[in-house]
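Asks: quick one, what's the 3D model for this:
(2 chains)
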Amino acid sequence: METKDIAQAYDRDFLRSLMVKMMTVRKFEEKLQWLFAQGLIYGTMHPGIGEEATGIGTTAALKKDDYMLATHRGHGEVIGKGVNIDHMMAEILARDTGTNRGKGGSMHIADLDNGILGANGIVAANMPLVCGAALTIKLKKIPDRVALTFFGDGGSNEGATHESMNLAAAWNLPAIFVLVNNQYGMSTPLRKVVKDMDLTKRAIPYDMKCFEVDGNDVLAVYEAAKAAREYAVAGNGPVLIVEHTYRTSGHSKSDGNLYRTKEEIAEWKAKNPVIRFTKVLLDSGLFTQEDIDQMDAEAAETIEHAVEFAKASPMPSPEGIEDSVYAQ
Amino acid sequence: MSVITYAEAIKQAMCEEMRRDENVFFMGEDIGTYCGAFGVSRGMLEEFGESRVIDTPISETAYVGAGVGAAVTGMRPIVELMFSDFVAVCYDQIINQAAKMHFMFAGKVSVPMVIRTAAGGGTGAAAQHSQSLEQMYCHVPGLKVVAPSTPYDAKGLLKTAIRDNNCVIFLEQKKLYRTKGEVPEEEYTIPLGVADVKREGTNVSLITYGRCVQMCLEVAEKLAAEGIDAEVLDLRTLSPLDRDAIIRTAKKTGHVVIVHESVGFGGFGGEIAGVIADSEAFYYLDAPIKRVGALFCPIPFNPELESYVLPNTGRIEEAVRAVMKEEIR
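Replies: Numbering: from 1, shown residues only, chains lettered A, B, ... in the order given. Modelled structure (predicted):
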């Protein structure tokens, strides 16, 4: 879409909310990196800096009751789906007020009130799970609902992925599989682990609809997800969306970036979705630089509030922990 | 009371629960028209239709995982894994997903799901279709593990398992499918975690479950003629485990033989022995605890080799005689 058309095509508040959310994700993860450096976060976490448009653009097309499963690099995905950021920050700081009461951490954020069936620490484990959520929708004949999962280029080579895409297609499930191709499985470039780099072809053997999109263009991502949702809700079966992007941050805190060049990272930093969407918004004539600065301040405030909330929250008590293993 | 097979009892439990609760559905490989590899689901497709009796692709990871995903979104799936050995194909969905979600998500979800699966040997199915892997599930917090030995127990326990809000691994020993037993006409359930004394006795306790219960009862009858009065405790559920029943019988007889079909080394018998050693029952023992399990060996195909590797009445009897002799010395 031409930038001048954006003003006609979208509601100003919608555009603003996409930007604020992407900024919030960016600042959330940058804050996590800072907290890590301060020794205030235990364990590990997987930032997706540079991939914000995938989580935010995709979830913008979902409804609150749609089911969604996130990956281990899923901060943006769950923020987009509406998780309470105070509670998510508290979770990562291992607090009792966290989304998972300090039992899950960064890789397992869950929020059923917003349809978030959990982020997953096992690559592609969400693929079968999303089939089950979609099966529930089908069996219960729930109207206007889909189940969506994210996975990565790494996860695209798991057996679970192929089994699940086949099962979803065979059963005509209202499932959306979102392949966030950030081009590296941890450190291993896609070209080393596949013969055919065109991941959209993964939809062909399962006779599945596929959308391919520039994953750093938040509006393009949104449009693809919206079309995918309409297609799946109409009973046409599952959809694959391939969103091409790049993670400019390291894989996790242990990443020394030995597997890629500084030049490559710099090139993608310049193409990152926040910078790119800023330009789109300014060019649209709907927003001034002052507006952008205000959004930035708003996102920063959200994150500062979350950190304050988390730090002020109590740690969970180990009392009765064995009693919380099973549901009553 | 009516006399029905173990397989029929399992089917009755599924059908009754599916009639009772529309959220219960059944899926697995070849369970519809074929009625399952062991003929358990005969008539279910006709009664409930293809939307509730669902034939799956041969994709254990996908359909077991789909069961988990359906369970966390409000359904109560019964998933059949044709052979329990296939659990190795879909371990992630059971161990890392189903077992952990309730805890890891701070109680926000539950996983009300039953994985029914044909376990154990004695059918000539060889090394990849004959294993007893219950100790592997028991070791994972978040799973429940049930191993019934009679049609009565199978029906009552399966109904409870389907109503349970957790992932229950329901182990059906293949040789038991055609065994018969009395089952009440009226509805009943059996709670999980409650063992059952299948034979009262005073001299020695045979603690067992699954197919080995019948073997232990046979040995007990034989030894009764010699004045050795054996108690046979059927655990029925391995997780949660009825520790009190184990301690009670050990204290009562002072002699314990633990019998299971799974490999002895690293087997669930070690946990049972541990329960006794960890409790006041230890002081009541008049002899060391003996364990009888399969040899440390994959299950071989040849019938003589297979029965040599698996526990049998001869080996159980030998173990009982050994613990009784120990007391005299």
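Asks: how about the helices in the stretch 1-150 of chain A?
Replies: A:3-9, A:12-37, A:52-59, A:75-81, A:85-92, A:126-139 (DSSP state H, counting those that start in this stretch).
Asks: quick check, central residue of the chain?
Replies: Using chain A here. A:E77 (2.5 Å; C-alpha atoms, centre = their mean).
Asks: hang on, isn't that residue packed against A:G55?
Replies: Yes: taking contacts as C-beta atoms under 8 Å, A:E77 lies within contact range of A:G55: 4.0 Å. Placement of C-beta: from N, CA and C, glycine included.
Asks: tell me, what's touching those two both at once?
Replies: When contacts are counted by C-beta atoms under 8 Å, 6 or more residues apart in numbering or on different chains, A:E77 and A:G55 have A:A70, A:F150 as shared neighbours.
Asks: how long is stretch A:196-209 end to end?
Replies: 19 Å (C-alpha to C-alpha, to the nearest Å).
Asks: contact partners for A:Y67?
Replies: Applying C-beta under 8 Å, 6+ apart, the residues near A:Y67 are A:G115, A:L117, A:V130, A:A133, A:A134, A:I137, A:R145, A:V146, A:A147, A:L148, B:T73.
Asks: buried subset of those residues?
Replies: A:G115, A:L117, A:V130, A:A133, A:A134, A:I137, A:R145, A:V146, A:A147, A:L148, B:T73 (16 or more other C-beta atoms under 10 Å in any protein chain shown).
Asks: can you pull the pLDDT of the third one?
Replies: pLDDT recorded at A:V130 is 98.
Asks: swap in the second one?
Replies: The confidence metric pLDDT takes the value 97 at A:L117.
Asks: now it: closest residue in space, sequence neighbours ignored.
Replies: Using C-beta to C-beta, 6 or more residues apart in numbering or on different chains and skipping the chain neighbours, the partner closest in space to A:L117 is A:L69 (5.1 Å).
Asks: same check on A:C210?
Replies: A:A203 (3.7 Å).
Asks: quick one: low-confidence ranges for chain A?
Replies: A:1-4 (pLDDT under 70).
Asks: SS state for the residue nearest to A:C210?
Replies: helix (DSSP: H, G, I helix; E, B strand; the rest coil).
Asks: can I assume it is in contact with A:L240?
Replies: Yes: using C-beta under 8 Å, A:A203 makes contact with A:L240 at a distance of 4.3 Å.
Asks: what sits up against stretch A:274-287?
Replies: Residues from elsewhere that reach stretch A:274-287, judged by C-beta under 8 Å, 6+ apart: A:3-4, A:6-7, A:12, A:15-16, A:18-19, A:22-23, A:26, A:52-53, A:216-219, A:288-289, A:291-292.
Asks: can you narrow those residues to ones near chain B?
Replies: Among the contacts of stretch A:274-287, proximity to chain B is found for none (C-beta under 8 Å from any C-beta of the partner chain).
Asks: which of those are buried, as a ChimeraX select command?
Replies: Here is the ChimeraX command that selects the buried residues among the contacts of stretch A:274-287 (16+ other C-beta under 10 Å):
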select /A:6,15,16,18,19,22,23,26,52,53,216,217,218,219,292
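Asks: quick one: the strands in the stretch 1-150 of chain B?
Replies: B:2-5, B:24-28, B:53-55, B:76-81, B:113-119, B:143-146 (DSSP state E, counting those that start in this stretch).
Asks: ok, now how distant is the residue nearest to B:L176 when sequence neighbours are not counted from chain A?
Replies: Once flanking residues are discounted, B:L176 sits nearest to B:Y6: 4.6 Å by C-beta to C-beta, 6+ apart. Applying C-beta to the nearest C-beta, to the nearest Å, one obtains 27 Å for the distance of B:Y6 from chain A.
Asks: count of neighbours near B:Y6?
Replies: 28 (other C-beta atoms under 10 Å in any protein chain shown).
Asks: how much space between it and A:M23?
Replies: Separation of B:Y6 from A:M23 (C-beta to C-beta, to the nearest Å) stands at 62 Å.
Asks: residues of the stretch 51-200 of chain A that sit close to chain B?
Replies: Counting by C-beta under 8 Å from any C-beta, the residues of the stretch 51-200 of chain A lying close to chain B are A:67, A:98-101, A:103-104, A:108, A:110-112, A:117-118, A:120-122, A:125, A:127-137, A:139-140, A:147, A:159-160, A:163-164, A:166-167, A:170.
Asks: how about the residues of the stretch 151-300 of chain B near chain A?
Replies: Residues of the stretch 151-300 of chain B lying near chain A (C-beta under 8 Å from any C-beta): B:N165, B:N166.
Asks: the closest residue to chain A within the stretch 151-300 of chain B and B:V232: what is the separation?
Replies: Residue nearest to chain A within the stretch 151-300 of chain B: B:N165 (3.8 Å; C-beta to the nearest C-beta). Applying C-beta to C-beta, the value for B:N165 to B:V232 is 31 Å.
Asks: higher neighbour count, these two?
Replies: B:V232 (28 against 16).
Asks: specify the local secondary structure of that one.
Replies: For B:V232, the assignment made with three-state DSSP gives strand.
Asks: how many neighbouring residues does A:K226 have?
Replies: A:K226: 16 surrounding residues under other C-beta under 10 Å.
Asks: for it, list the residues it contacts.
Replies: A:A61.
Asks: so which strand or helix has it?
Replies: According to DSSP states H and E, A:K226 maps onto helix A:218-233.
Asks: which positions in that helix come out as buried?
Replies: Quick answer for helix A:218-233 (16+ other C-beta under 10 Å): A:218-229, A:231-233.
Asks: closest to chain B out of those residues?
Replies: A:A232 (15.4 Å).
Asks: from A:M68, how far out is the closest one?
Replies: Using C-beta to C-beta, A:A232 is found at 13 Å from A:M68.
Asks: follow-up on the earlier one: can you flag the buried ones in the residues of the stretch 51-200 of chain A next to chain B?
Replies: Here, 16+ other C-beta under 10 Å leaves A:67, A:98-101, A:103-104, A:108, A:110-111, A:117-118, A:120-122, A:125, A:127-137, A:139, A:147, A:160, A:163-164, A:166-167, A:170 buried among those.
Asks: so what does B:K180 have for phi and psi?
Replies: phi -120, psi 160 (degrees, to the nearest 10).
Asks: partners of it in the sheet?
Replies: Beta-bridge partners for B:K180, by DSSP bridges, are B:T5.
Asks: backbone dihedrals for B:S59, please?
Replies: Torsion angles, degrees, to the nearest 10, at B:S59: phi -140, psi 80.
Asks: so who does it touch?
Replies: B:S59 touches A:E163, A:S164, A:N166, A:L167, counting by C-beta under 8 Å, 6+ apart.
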